[in-house]
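A.B. asks: Sharing a sequence plus its predicted fold:
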Amino acid sequence: MQAFAVMLLPTALIPCWYSMISRVERQVNLNSQDFHSKLHYEIENTEKFLHPINSSATNLAGVLKLSLNGTKLSFSMIETKVAPLLFQAWSTIPYLSQISYTGLEGLFFSYYTGQNQTLAVYSNSSYNSRSSAPNVKKNLSCYIQHVNHETGELYGNSIECPSLNLVSKRWFQEALNSPNGYASLETGWNNSQDLILLSSARINGEGVISLGFSAQLLTTRFTSIDRQGGSLYLATKDGKVLIEELKNTHMVLAGNMVSVQLMKPNGEKKVLGNVSCIIKDGSPRASTLNIQGTEYMFYCSSLDIVGVQSVYVLAFPQKGLVSLVRKNWIVALALLIVIITSMVVSILSFAYIFVRAAKREMHLCAALIKQMEATQQAERKSMNKSLAFASASHDVRASLAGLTGLIEMCYEEANPGSELETNLRQMDTCAKDLLGLLNSILDTSKIEAGKMQLEEEEFDLAQLLEDVVDLYHPVGIKKGVDVVLDPYDGSAIKFSQVKGDRGKLKQILCNLLSNAVKFTCEGHVTVRTWVRKPSLQNSIIASSHNGLMKYLQCLFHKSNEAYNDLEAMNAAQQDPNAMEFVFEVDDTGNGIPKEKHISVFENYVQVKETALGQGGTGLGLGIVQSLVRLMHGDISIVDKEIGEKGTCFRFNVILSTCDNVSCNNTKAEDLEMVDGSHIPELTLSTPSPGLWLRTSSSKLTVHSTPSPKVTTSHVVLLIQNNERRRTSQRFMENLSIKVSVAKQWEHLPSTLQKIKHKENHSCHNSLGKSDLSSPSGYLSSSASNNSSGVEKDVPLSSMDGSNYMLSVFKRTTPKFASSFILIVIDACAGPFLELCRIVAEFKKGLHNATCKVVWLEKPTMRNINFKHIEEDLVDPNDVVISKPFHGSRLYQVVRLLPEFGGTLQGNSSKLKEEIKFQAEKVPKDPSSSRSKPRSPPSNGILTKEQEIQEIGNSNDEKPLSGKKLLVADDNVLLRKLTVAGLLKLGAIAETCVNGQEALDLVCKGLSDQRKLGASNILPYDYVLMDCEMPMMNGYEATKQIRKMEKSYGVHIPIIALTAHTSGGEAKVAIEAGMDVHLGKPLKKEHLLEAIRYIDTK
C-alpha cells in the first residue's frame, strides 16, 4: 500500500509541475520585458546626453550675429572675426569633425579634420547672388591650408582645390530659410568622405554657420551599450542607414513602420514582416519575427540625434531561458513519465534492499556508538595525561631541585680538589642537564607556537664552552673519541664576557655535541668559535634559503613576521656592543648525505644512514634550528673537502659583550674576515728572513724588523690525539712560543736530545722553526674544513696587536737570561716509568736552562704514582693535571712560562701530590657559572668565598643573623634544604606547608604586633613563598596578604620560589605582588642578592 502511494505521488504532482513551469515562463517574460525597458531607457539617456549638441549651431550663429551687428562680411572680416570664433568652437565642442561659415555670395571658410590633422578650406572670391550667370558661381576659387592646432593660425602654402559650390546645396537653402536651423546627414569634406551629422543655422540671411559631427563617433555611444546579444539598427527617417548589425537582413523605414527583409544569396529580398515604431505605455511594442529558423523579438522607437530625426530597432534572438523553457517542458514531462515507470520497477527491489540496509544500519549504529565512546574515552585520557604530565613535570623539577640542593650541601663536606668534589660537580652538571632536557621537551610546543622568549643574562662564554666540552669528554673517551675545544684565533677568549640567553646557547651546544659524540665511532669531535662584527648581509646570506626569503618578504610583501625578524636584526646590528659569534661542531663520524642537509633540521626526521642502531626522536636539530633563529642567527651543515669524513655544523648567534670588553676598542681590522672563511687577518713581524710560517690566510702583511734578543721558552708536546696535539701546538705558536712535537713516546728521546744539543751550544734562544719532528706544513689544513684560502709562505716572528692571543695573554720580559723548557706529556702515551727515565736523563745534562714537566692523566684513572718511582726520577716541580688538556688547563700551563708570569724555581721541599686546575677553575658552588659575571682576580680564579662575599655584600659569615623568615613549601625535602640554608646564614626560620597556613601565620603575626602596640614592626622580615601548593597556591596567598597589609600600612617582602625557571613564571609572580622570583633549589648567594635588591628598593 505504501509502495502504491509512492507511485501515485509523482502522478499527482504533474499538474503542479506544469503550473510551476507556466509561472516560470511568465516570470521570464516579465524579466525580459524589464530588461528591454531598461535598455530603451539607456538609449534615451544617451540621446539626452547628446541633446545639448543640437543647439550648438544656433547658439554660435547668435554669437556671430551680435559680433557682426549687421555688417556685411568681406573675406578679411571673415579671417579676423569669424575664423577665431569658429576655431574656438572647433576646440571646445565634442565629436566635431568640421565647422564652416558659408556666405550667400560664395565667401567660405571652414576647419575640418583630414589625414589626422587640422586643415582649413576657404574661398576668398565672391559673386553677386542676384546674378543669374551660372558660370560665375562655378568658377569660384577654393584653397586648402594647414592650421596650427593650438592657435588656429594658417601656415604653409595654400593648395587650390575644386570648388565646393555649397550655396546650391539643399541643406544650405533649408538652413537659410529656417529661423530655427536645419540638421541632416551629409558627407564630410575629407578624402574618406565620412558621414557627418550636419547642424546648420543662418546669420542675418547672408550666410550659414554649419557644424559637422562625426556620425561614427556619435553612433559609438549607442553601440557601446550592453545589449546582451541583441542587434541594433539605426537610420534617419529619410532612409539613410547609420548602423545595421543584423546579418543577411535589410530594413526599410515606411512611416511608423519598419519593414524587415531577408537578403538571399542571389540578391533577392523577401519581406519577413513589419515592426511598429509606435510607443505604448512609455515603452516600444514587441514584435516577433522568424529569421532563418530563429525567433527574434523586435523593438522600434524614434530617436533624435543632433537634431536629425532617426529610428532605431533592437532585435533579440530567443535563445535564452524563455525559449529553453518552451522547448524543454515536453521533454521534461516525458522524462517524468519514464521516472515514474522506473520507480514502479525499482520499488520492488527497494523493499528487499531496505530490509538488508536496515539490518546493516543497526550494526553500523552499534559500532558507531562504540567508536564514539572509545573516542570520548581517548579524549578524556589525553586530557588527563596532559594534566598529569603538567603536574608530573613540576614534580620532576622539584625532585631535581632537591637533588641539586643535596649536592650543594655535600660540597661543604668535600675537600677542595678531591675526587669527591669532582664527582659532585659532575653530578650537579648532570642534574642540571636533566632539568634542561625536561625544559626543552616542554618548550617544544612553545617554539611551535612562537611564544618562546629569550632570557638575557651575563655569563662567561669561554667557561660555558669548556663546561660543555668537559661534560661530553668522558662520554667520548669511553667510545675512543676525543672531544677537543679548539681556541682557534682567541677572539672568543677576548670577548668572553657576554650577555644573552646562556641556557638556550648551552642547549644548542649540548645537542650538537651530544649528536656528534653519539654518531662518531673513531677520531675526534672539535668545538671551535670565533667572533666577527654583525652585519645584515652576513646574517641573511648565512641563513640560507629561509633567511633570504624572510628578507625578500620584508622588502616586497611587508610580511609582519619577516619585518619583525629584520627589525630585530637591525636592532642587534645597531647595538655598539653586539657581536656575531660563530660556532662549529666538527666530527669525524659517518657524516650526513648532502641531499639530507636541509631535511635533517625538520622535526621527527632522522638520517637512516647515520642513525642506524641509535635511538632518538628526531626533535633535537629541529629545536636547535628554532633556538638559533630565535637568537638572530641560523644553522647549516658545512660542506667538507673531498675525502674528509664526518659532519661540520656551523651556526651563528648575536650576543652583546659586557661593558668591560667593548667592541669599539677593537680595531676594525681585528674583526675583518676572509670571504667564505673565518681566517683572521694576521700582521706579522719577522726578525730573520730565513724563518717562515705556513698559513692559509690570504690577508697577511709582513713587516721585517730587527731581531731583538729575547729569551723565549720551549715547549715539548707528547699528546696522543692528533687533533688535540695540533690545536695545542697552534695555540702556543700563535703566542710566539717555540713548540716541538713528539707524535709517539719512542720519538721523545730524540726530540729532547735535539733540544739539549741546541741549548748547550747557545747562550740565548731565538725563535727557530716551529716543529723539529713534525711536518712543517701542519697548518695547511685549516681549522675550518671548508676554508677556501690560498696557502702561501711568509716570514714568521712575533704577532702585533691584531692577534687576539697576545691581547689576552700579555707577554713580559723575564728578568733572567736562563732558558725555560716545559715538557707536556700524556701519561697514557707510553710506559710511565720509561717516560720518567727519559725526562730525568734529559734534565741531567741540561745547562743554562730550567725544565718543568706537566703530566696529563685521565680523570677517572690514576695511572701516575710517584711512590713506586725512584727519587732521582722525580722532580718536586712537576705538575699533574687531569685531562682533557684544553681551555683553562691549557691557559694555566701557558702561564707557567716565564714570559707569561711563571717562575723558574719551584717548591723543592716535597713533591706535590697533585695540582688540580679543574678544582681551581670551577668554584664549589655549582651555580657560580650562572651568577652575574664579575671582574676575575689576576690568576683568573674566583673562589666560592669571594663570590658569596660579593653577592651578599657582607663580610659576616652569617649575614642574616637576627632575621626571621617564613618558609611556605609543600615539598618536605626542599623545605628542609631551604631551612638548613637559612640556619647557616644565621636566620630564624618558621615553616608551613601551604598558602592558607602562610596567610594565617602572617595575619596572626600582624594582629599580635598591633596588640603589642608595634604595628609597624613586621612579623617576618621576609617570606619565601612556593608558587604551587595545595589548598591555596602562592599566588593567591600573596594577593590575600597584600590586601591585608593595606589595613596595617606595612609591606612584607615576599620572595617567590618555583621549580619553573621560565620568564613567564617570573612575570606571573611579580604580577601577583611578589617582590622577587627565585628558582629551586634556593642558593644562598641568590637569596642574599635578592635581599639586597629588596632592601635597596
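C.D. replies: Alright, I've got the coordinates.

A.B. asks: contacts and neighbour counts: CA atoms only from here.
C.D. replies: Noted.

A.B. asks: Identify the residues contacting Leu314.
C.D. replies: For Leu314, the contacting residues are 230-233, 297-300, by CA atoms under 8 Å, 6 or more residues apart in numbering.

A.B. asks: Now with 7 Å, please.
C.D. replies: 230-233, 298-300 (CA atoms under 7 Å, 6 or more residues apart in numbering).

A.B. asks: Tabulate the residues you listed (CSV), appending neighbour count, pLDDT and distance to Met251.
C.D. replies: Listed next are the contacts of Leu314 as CSV, based on neighbours: other CA atoms under 10 Å; pLDDT from 0 to 100; distance: CA to CA, whole Å:
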residue, neighbour count, pLDDT, distance to Met251
Gly230, 16, 81, 16
Ser231, 19, 84, 13
Leu232, 20, 85, 11
Tyr233, 19, 83, 8
Phe298, 24, 85, 12
Tyr299, 24, 84, 13
Cys300, 27, 87, 12
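
A.B. asks: Relative to Val638, which of those residues is nearest.
C.D. replies: Of all the contacts of Leu314, Gly230 has the smallest distance to Val638: 70.8 Å, by CA to CA.

A.B. asks: got the contact list for the closest one?
C.D. replies: Each residue near Gly230 by CA under 7 Å, 6+ apart is listed here: 314-317.

A.B. asks: Reformat the contacts of Leu314 into a markdown table and put secondary structure next to each item.
C.D. replies: Listed next are the contacts of Leu314 as a markdown table, based on DSSP: H, G, I helix; E, B strand; the rest coil:
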| residue | secondary structure |
| --- | --- |
| Gly230 | coil |
| Ser231 | strand |
| Leu232 | strand |
| Tyr233 | strand |
| Phe298 | strand |
| Tyr299 | strand |
| Cys300 | strand |
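
A.B. asks: any idea which of these is closest to Leu1082?
C.D. replies: Using CA to CA, these come closest to Leu1082 at Gly230, 90.3 Å.

A.B. asks: now the helix or strand harbouring Thr526: how far from the chain's centre is it?
C.D. replies: Counting by DSSP states H and E, the element that carries Thr526 is strand 523-532. The chain centre lies 28 Å from the centre of strand 523-532; the measure is CA atoms, centre = their mean, to the nearest Å.

A.B. asks: What strands line up against that strand, and which way round?
C.D. replies: Strand 523-532 has its sheet partners listed here by DSSP bridges as strand 481-486 (parallel), strand 578-587 (antiparallel).

A.B. asks: Adding distance to Tyr182, write these out as a markdown table.
C.D. replies: Output for the strands paired with strand 523-532, formatted as a markdown table (distance: least, CA to CA, whole Å):
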| stretch | distance to Tyr182 |
| --- | --- |
| strand 481-486 | 105 |
| strand 578-587 | 88 |
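
A.B. asks: So which of the ones you listed is the most surrounded?
C.D. replies: Compared across the strands paired with strand 523-532, strand 481-486 shows the largest average neighbour count, a mean of 26 (mean count of other CA atoms under 10 Å).

A.B. asks: which outside residues touch it?
C.D. replies: For strand 481-486, the external contacting residues (CA under 7 Å, 6+ apart) are 469, 473, 476, 521-528, 724, 727, 886-887.

A.B. asks: Mean confidence (pLDDT) on that strand, please.
C.D. replies: The average pLDDT for strand 481-486 rounds to 92.

A.B. asks: C-terminal to that strand, which secondary structure element comes first?
C.D. replies: Sequence order places helix 491-494 as the next helix or strand after strand 481-486, per DSSP H and E.

A.B. asks: tell me how far that next one is from the chain's mean position?
C.D. replies: 30 Å.

A.B. asks: about what we covered before: now, of the contacts of Gly230, which are buried?
C.D. replies: Burial by neighbour count, 16 or more other CA atoms under 10 Å: within the contacts of Gly230 this picks out 314-317.

A.B. asks: pLDDT averaged over stretch 104-121 - what is it?
C.D. replies: 85.

A.B. asks: Okay, buried residues for that stretch please.
C.D. replies: Buried residues in stretch 104-121, counted by 16+ other CA under 10 Å: 104-114, 118-121.

A.B. asks: returning to what we had before: need the contacts of Leu314 in TSV (columns: distance to Thr249).
C.D. replies: As requested, those are exported to TSV (distance: CA to CA, whole Å):
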residue	distance to Thr249
Gly230	14
Ser231	11
Leu232	12
Tyr233	10
Phe298	13
Tyr299	16
Cys300	16
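
A.B. asks: which one of those sits closest to Glu186?
C.D. replies: Distances from Glu186 to the contacts of Leu314, taken as CA to CA, are shortest for Tyr233 (18.9 Å).

A.B. asks: Tell me what that closest one is bridged to.
C.D. replies: When bridges are called by DSSP bridges, Tyr233 pairs up with Glu244, Val313.

A.B. asks: That one contacts Lys247, doesn't it?
C.D. replies: No: using CA atoms under 7 Å, Tyr233 is not in contact with Lys247, being 10.8 Å away.

A.B. asks: one step back: could you find which two of the buried ones among the contacts of Gly230 are furthest from each other?
C.D. replies: Applying CA to CA across these, the maximum distance is between Leu314 and Pro317, 10.2 Å.

A.B. asks: how close does Pro15 get to Leu335?
C.D. replies: To Leu335, Pro15 is 15 Å away according to CA to CA, to the nearest Å.

A.B. asks: and Val147, how many neighbours?
C.D. replies: Around Val147 there are 20 other residues, counting by other CA atoms under 10 Å.

A.B. asks: Tell me which of the strands paired with strand 523-532 lies nearest to Gln507.
C.D. replies: Closest among the strands paired with strand 523-532, using CA to CA: strand 578-587, at 13.4 Å.

A.B. asks: Distance from the closest one to the middle of the chain?
C.D. replies: How far strand 578-587 lies from its chain's middle: 21 Å, per CA atoms, centre = their mean.

A.B. asks: name the helices or strands packed onto the helix or strand that contains Glu1085?
C.D. replies: Assigned by DSSP H and E, Glu1085 belongs to helix 1084-1096. Where contact means 3 or more CA pairs under 7 Å, 6 or more residues apart in numbering; DSSP states H and E, helix 1084-1096 is packed against helix 944-952.

A.B. asks: Quick check: mean pLDDT of the helix it packs on?
C.D. replies: On average, helix 944-952 scores 34.

A.B. asks: Which residues does the helix or strand just after it contact?
C.D. replies: Next along the chain after helix 944-952, taking DSSP H and E as the criterion, comes strand 964-968. If you take CA under 7 Å, 6+ apart as the criterion, strand 964-968 is touched by 987-995, 998, 1020-1026.

A.B. asks: What is the neighbour count of Ser74?
C.D. replies: Neighbours of Ser74 under the rule other CA under 10 Å: 13.

A.B. asks: Return the per-residue confidence for it.
C.D. replies: Note for Ser74: predicted pLDDT of 82.

A.B. asks: Return the residues in contact with Ala334.
C.D. replies: By CA under 7 Å, 6+ apart, no residues touch Ala334.

A.B. asks: Tell me the secondary structure at it.
C.D. replies: Under three-state DSSP, Ala334 comes out as helix.

A.B. asks: May I have the residues that are in contact with the closest residue to Met1029 other than its chain neighbours?
C.D. replies: Using CA to CA, 6 or more residues apart in numbering and skipping the chain neighbours, the partner closest in space to Met1029 is Asn994 (5.4 Å). By CA under 7 Å, 6+ apart, Asn994 lies in contact with 968-970, 1029-1033.

A.B. asks: Kind regards, and thank you for your time.
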